[in-house]
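[1] mind looking at a prediction? Sequence and model below.
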Amino acid sequence: MSLDGEEQDDELLALASIYEDSFVSALDHDAEEDLAVKDEVLKGGELAIHLDLPPEFSILSKRVGENDEVLEQRLVVEHLPPLYLHFTYPSTYPSEHPPNFTLSCKWLNRAQLTQLCTQLDAQWEENKGSVIMFTWAQFLKDSSLESLGFTDELNLDIIKPVQSMNIGDGHYNRRFRGKLVLMVMKAKSVIIPIVIIVAKLKELQL
(Lines give C-alpha, C1' and ligand atoms only; values in the text may rest on other atoms or scores of the structure.)
Protein backbone atom coordinates (compact mmCIF):
# COMPACT_ATOMS: atom_id res chain seq x y z
CA MET A 1 0.00 0.00 0.00
CA SER A 2 1.24 3.49 -0.85
CA LEU A 3 1.91 6.17 1.76
CA ASP A 4 -1.17 8.05 0.49
CA GLY A 5 -3.28 4.94 0.97
CA GLU A 6 -2.03 4.48 4.53
CA GLU A 7 -2.81 8.10 5.40
CA GLN A 8 -6.29 7.75 3.91
CA ASP A 9 -6.99 4.64 6.01
CA ASP A 10 -5.69 6.34 9.15
CA GLU A 11 -7.86 9.39 8.52
CA LEU A 12 -10.98 7.28 7.98
CA LEU A 13 -10.34 5.44 11.25
CA ALA A 14 -9.86 8.75 13.07
CA LEU A 15 -13.07 10.20 11.62
CA ALA A 16 -15.02 7.10 12.66
CA SER A 17 -13.59 7.31 16.19
CA ILE A 18 -14.19 11.04 16.64
CA TYR A 19 -17.56 11.51 14.93
CA GLU A 20 -19.06 8.05 15.58
CA ASP A 21 -22.70 8.04 14.36
CA SER A 22 -22.20 11.32 12.48
CA PHE A 23 -19.78 9.60 10.11
CA VAL A 24 -20.59 6.89 7.59
CA SER A 25 -17.77 5.27 5.66
CA ALA A 26 -18.43 4.50 2.01
CA LEU A 27 -17.50 0.91 2.80
CA ASP A 28 -19.96 0.62 5.71
CA HIS A 29 -23.01 0.23 3.49
CA ASP A 30 -23.99 -0.96 0.04
CA ALA A 31 -22.30 1.92 -1.76
CA GLU A 32 -19.39 -0.10 -3.11
CA GLU A 33 -20.99 -0.53 -6.52
CA ASP A 34 -21.73 3.19 -6.76
CA LEU A 35 -18.17 4.12 -5.84
CA ALA A 36 -16.43 1.48 -7.94
CA VAL A 37 -14.32 2.83 -10.76
CA LYS A 38 -12.61 0.32 -13.02
CA ASP A 39 -12.96 -2.39 -10.34
CA GLU A 40 -11.34 -0.14 -7.77
CA VAL A 41 -13.43 0.96 -4.79
CA LEU A 42 -12.90 4.60 -3.88
CA LYS A 43 -12.37 5.38 -0.21
CA GLY A 44 -14.49 8.06 1.39
CA GLY A 45 -17.63 8.67 3.35
CA GLU A 46 -20.11 11.25 4.60
CA LEU A 47 -19.96 13.51 7.63
CA ALA A 48 -23.04 15.08 9.18
CA ILE A 49 -21.80 18.36 10.64
CA HIS A 50 -23.97 19.53 13.55
CA LEU A 51 -23.32 23.20 14.20
CA ASP A 52 -22.94 24.71 17.65
CA LEU A 53 -25.50 27.53 17.74
CA PRO A 54 -24.95 30.59 19.94
CA PRO A 55 -27.41 31.19 22.80
CA GLU A 56 -30.82 32.53 21.75
CA PHE A 57 -30.14 31.85 18.08
CA SER A 58 -33.34 32.49 16.14
CA ILE A 59 -34.97 31.80 12.78
CA LEU A 60 -36.55 34.83 11.13
CA SER A 61 -39.23 34.70 8.46
CA LYS A 62 -41.83 37.09 7.08
CA ARG A 63 -45.27 36.35 5.69
CA VAL A 64 -48.21 38.35 4.39
CA GLY A 65 -51.23 38.43 6.69
CA GLU A 66 -54.93 38.51 5.90
CA ASN A 67 -54.95 42.27 5.34
CA ASP A 68 -51.76 42.21 3.27
CA GLU A 69 -49.71 43.34 6.24
CA VAL A 70 -46.22 41.90 6.56
CA LEU A 71 -45.90 39.75 9.66
CA GLU A 72 -42.50 38.88 11.09
CA GLN A 73 -42.03 35.50 12.75
CA ARG A 74 -39.03 34.83 14.97
CA LEU A 75 -38.42 31.49 16.67
CA VAL A 76 -35.55 30.64 18.99
CA VAL A 77 -33.98 27.27 18.18
CA GLU A 78 -31.24 25.13 19.66
CA HIS A 79 -30.49 23.03 16.57
CA LEU A 80 -30.50 23.27 12.78
CA PRO A 81 -30.41 20.47 10.19
CA PRO A 82 -26.76 19.47 9.70
CA LEU A 83 -24.41 20.28 6.88
CA TYR A 84 -23.48 17.16 4.93
CA LEU A 85 -19.95 16.70 3.65
CA HIS A 86 -19.70 13.72 1.30
CA PHE A 87 -16.20 12.94 0.07
CA THR A 88 -14.06 10.46 -1.83
CA TYR A 89 -10.29 10.26 -1.98
CA PRO A 90 -8.33 10.41 -5.23
CA SER A 91 -5.37 8.05 -5.24
CA THR A 92 -3.00 11.02 -4.89
CA TYR A 93 -4.58 12.42 -1.70
CA PRO A 94 -3.10 13.93 0.39
CA SER A 95 0.27 14.22 -1.32
CA GLU A 96 -1.00 16.08 -4.39
CA HIS A 97 -4.76 16.50 -4.60
CA PRO A 98 -7.64 17.29 -2.19
CA PRO A 99 -10.64 15.04 -1.60
CA ASN A 100 -13.47 15.23 -4.09
CA PHE A 101 -16.50 16.37 -2.14
CA THR A 102 -20.10 17.49 -2.14
CA LEU A 103 -21.33 20.04 0.40
CA SER A 104 -25.09 20.13 0.92
CA CYS A 105 -27.43 21.90 3.30
CA LYS A 106 -31.17 22.56 3.41
CA TRP A 107 -30.97 26.07 4.83
CA LEU A 108 -28.17 27.68 2.82
CA ASN A 109 -28.48 29.13 -0.66
CA ARG A 110 -26.17 28.72 -3.62
CA ALA A 111 -24.03 31.77 -2.89
CA GLN A 112 -23.53 30.78 0.74
CA LEU A 113 -22.47 27.23 -0.14
CA THR A 114 -20.11 28.65 -2.74
CA GLN A 115 -18.56 30.86 -0.06
CA LEU A 116 -18.01 27.90 2.25
CA CYS A 117 -16.50 25.85 -0.57
CA THR A 118 -14.13 28.69 -1.39
CA GLN A 119 -12.93 28.71 2.21
CA LEU A 120 -12.47 24.94 2.25
CA ASP A 121 -10.50 25.22 -0.96
CA ALA A 122 -8.27 27.89 0.58
CA GLN A 123 -7.66 25.71 3.64
CA TRP A 124 -6.50 22.89 1.39
CA GLU A 125 -4.06 25.20 -0.38
CA GLU A 126 -2.63 26.21 3.01
CA ASN A 127 -2.29 22.59 4.15
CA LYS A 128 -1.59 20.82 0.86
CA GLY A 129 0.18 17.53 1.46
CA SER A 130 -1.52 16.88 4.81
CA VAL A 131 -4.83 15.19 5.58
CA ILE A 132 -7.56 17.83 5.64
CA MET A 133 -10.92 16.28 6.59
CA PHE A 134 -10.73 17.08 10.31
CA THR A 135 -9.74 20.68 9.54
CA TRP A 136 -12.68 21.02 7.16
CA ALA A 137 -15.13 19.45 9.61
CA GLN A 138 -14.01 21.66 12.50
CA PHE A 139 -14.29 24.79 10.37
CA LEU A 140 -17.81 23.92 9.24
CA LYS A 141 -18.88 23.07 12.79
CA ASP A 142 -17.30 26.01 14.62
CA SER A 143 -16.95 28.84 12.11
CA SER A 144 -19.35 28.46 9.18
CA LEU A 145 -22.14 30.54 10.74
CA GLU A 146 -19.79 33.37 11.66
CA SER A 147 -18.11 33.31 8.26
CA LEU A 148 -21.52 33.71 6.60
CA GLY A 149 -22.52 36.56 8.90
CA PHE A 150 -25.11 34.62 10.93
CA THR A 151 -24.19 35.86 14.39
CA ASP A 152 -27.57 35.55 16.11
CA GLU A 153 -30.23 34.69 13.52
CA LEU A 154 -30.96 32.87 10.26
CA ASN A 155 -33.16 34.86 7.87
CA LEU A 156 -35.12 32.40 5.74
CA ASP A 157 -36.17 35.17 3.36
CA ILE A 158 -32.67 35.34 1.88
CA ILE A 159 -32.91 31.72 0.72
CA LYS A 160 -34.38 31.99 -2.77
CA PRO A 161 -35.65 29.15 -5.00
CA VAL A 162 -33.18 28.06 -7.66
CA GLN A 163 -34.40 29.44 -10.98
CA SER A 164 -34.64 27.55 -14.30
CA MET A 165 -34.13 24.18 -12.66
CA ASN A 166 -34.78 21.15 -14.80
CA ILE A 167 -33.55 18.49 -12.41
CA GLY A 168 -36.03 15.96 -11.11
CA ASP A 169 -34.65 15.62 -7.59
CA GLY A 170 -34.62 19.35 -6.89
CA HIS A 171 -30.85 19.65 -6.60
CA TYR A 172 -28.63 22.18 -8.29
CA ASN A 173 -25.21 20.83 -9.21
CA ARG A 174 -22.24 22.52 -10.81
CA ARG A 175 -18.47 22.26 -10.87
CA PHE A 176 -16.55 24.75 -8.77
CA ARG A 177 -12.97 25.39 -9.88
CA GLY A 178 -12.98 21.92 -11.40
CA LYS A 179 -13.02 20.04 -8.14
CA LEU A 180 -15.87 21.09 -5.86
CA VAL A 181 -19.55 20.29 -6.34
CA LEU A 182 -22.36 22.29 -4.79
CA MET A 183 -25.83 20.95 -4.03
CA VAL A 184 -28.63 23.32 -3.02
CA MET A 185 -32.21 22.43 -2.14
CA LYS A 186 -35.15 24.53 -3.31
CA ALA A 187 -36.32 27.03 -0.73
CA LYS A 188 -39.73 25.40 -0.30
CA SER A 189 -38.01 22.28 1.02
CA VAL A 190 -36.01 24.32 3.53
CA ILE A 191 -38.82 25.41 5.80
CA ILE A 192 -40.35 21.99 6.50
CA PRO A 193 -37.45 20.41 8.46
CA ILE A 194 -36.80 23.62 10.39
CA VAL A 195 -40.48 23.90 11.34
CA ILE A 196 -40.39 20.28 12.51
CA ILE A 197 -37.38 21.05 14.70
CA VAL A 198 -39.13 24.09 16.19
CA ALA A 199 -42.24 21.99 16.88
CA LYS A 200 -40.18 19.32 18.63
CA LEU A 201 -38.48 21.95 20.76
CA LYS A 202 -41.85 23.34 21.79
CA GLU A 203 -43.04 19.85 22.73
CA LEU A 204 -40.00 19.41 24.96
CA GLN A 205 -40.67 22.72 26.67
CA LEU A 206 -44.29 21.83 27.50
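    That came through, no problem. Numbering: from 1, shown residues only.
[2] pLDDT weak spots in the chain?
    Counting by pLDDT under 70, the low-confidence segments of the chain come to 28-41, 159-206.
[3] what about the strands in it?
    Taking DSSP state E as the criterion, the chain carries its strands at 23-25, 36-37, 40-41, 44-49, 58-64, 70-76, 83-88, 100-105, 153-155, 171-176, 180-185.
[4] got the angle for the fifth one vs strand 70-76?
    Pointing back at strand 58-64 there. For strand 58-64 against strand 70-76, the angle by axes from the mean of the first three to the mean of the last three CA atoms, to 10 degrees is 160 degrees.
[5] list the helices and strands strand 58-64 packs on?
    strand 70-76, strand 153-155, helix 188-205 (3 or more CB pairs under 8 Å, 6 or more residues apart in numbering; DSSP states H and E). To be clear about C-beta, it is placed using only N, CA and C from the backbone, and glycine gets the same treatment.
[6] hmm, try it at 6 Å
    strand 70-76, strand 153-155 (3 or more CB pairs under 6 Å, 6 or more residues apart in numbering; DSSP states H and E).
[7] for residue 44, find the nearest of the ones you listed.
    Of all the helices and strands packed on strand 58-64, strand 153-155 sits nearest to residue 44, with 29.4 Å by CB to CB.
[8] what's the closest one in contact with?
    Outside strand 153-155, the residues within contact range by CB atoms under 6 Å, 6 or more residues apart in numbering are 58-60.
[9] distance to residue 117 added to the helices and strands packed on strand 58-64, as JSON lines?
    Below are the helices and strands packed on strand 58-64 laid out as JSON lines (distance: least, CB to CB, whole Å):
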{"stretch": "strand 70-76", "distance to residue 117": "29"}
{"stretch": "strand 153-155", "distance to residue 117": "19"}
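[10] please identify the deepest-packed of the ones you listed.
    strand 153-155 (a mean of 17; mean count of other CB atoms under 10 Å).
[11] note down every partner strand of that strand and its orientation.
    Taking DSSP bridges as the criterion, strand 153-155 forms sheet pairs with strand 58-64 (parallel).
[12] what residues sit buried inside the partner strand?
    By neighbour count on 16 or more other CB atoms under 10 Å, the buried set for strand 58-64 is 59, 61.
[13] can you list the strands of the chain in TSV and add distance to residue 132?
    Output for the strands of the chain, formatted as TSV (distance: least, CB to CB, whole Å):
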stretch	distance to residue 132
strand 23-25	15
strand 36-37	21
strand 40-41	21
strand 44-49	12
strand 58-64	31
strand 70-76	35
strand 83-88	10
strand 100-105	10
strand 153-155	27
strand 171-176	16
strand 180-185	13
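[14] of those strands, which is nearest residue 126?
    Using CB to CB, the strands of the chain put strand 180-185 closest to residue 126, at 16.0 Å.
[15] got the buried residues for stretch 122-141?
    Buried residues in stretch 122-141 (16+ other CB under 10 Å): 124, 131-133, 136-137, 139-141.
[16] next one: stretch 78-92
    Under the neighbour-count criterion of 16+ other CB under 10 Å, stretch 78-92 has 80-90 buried.
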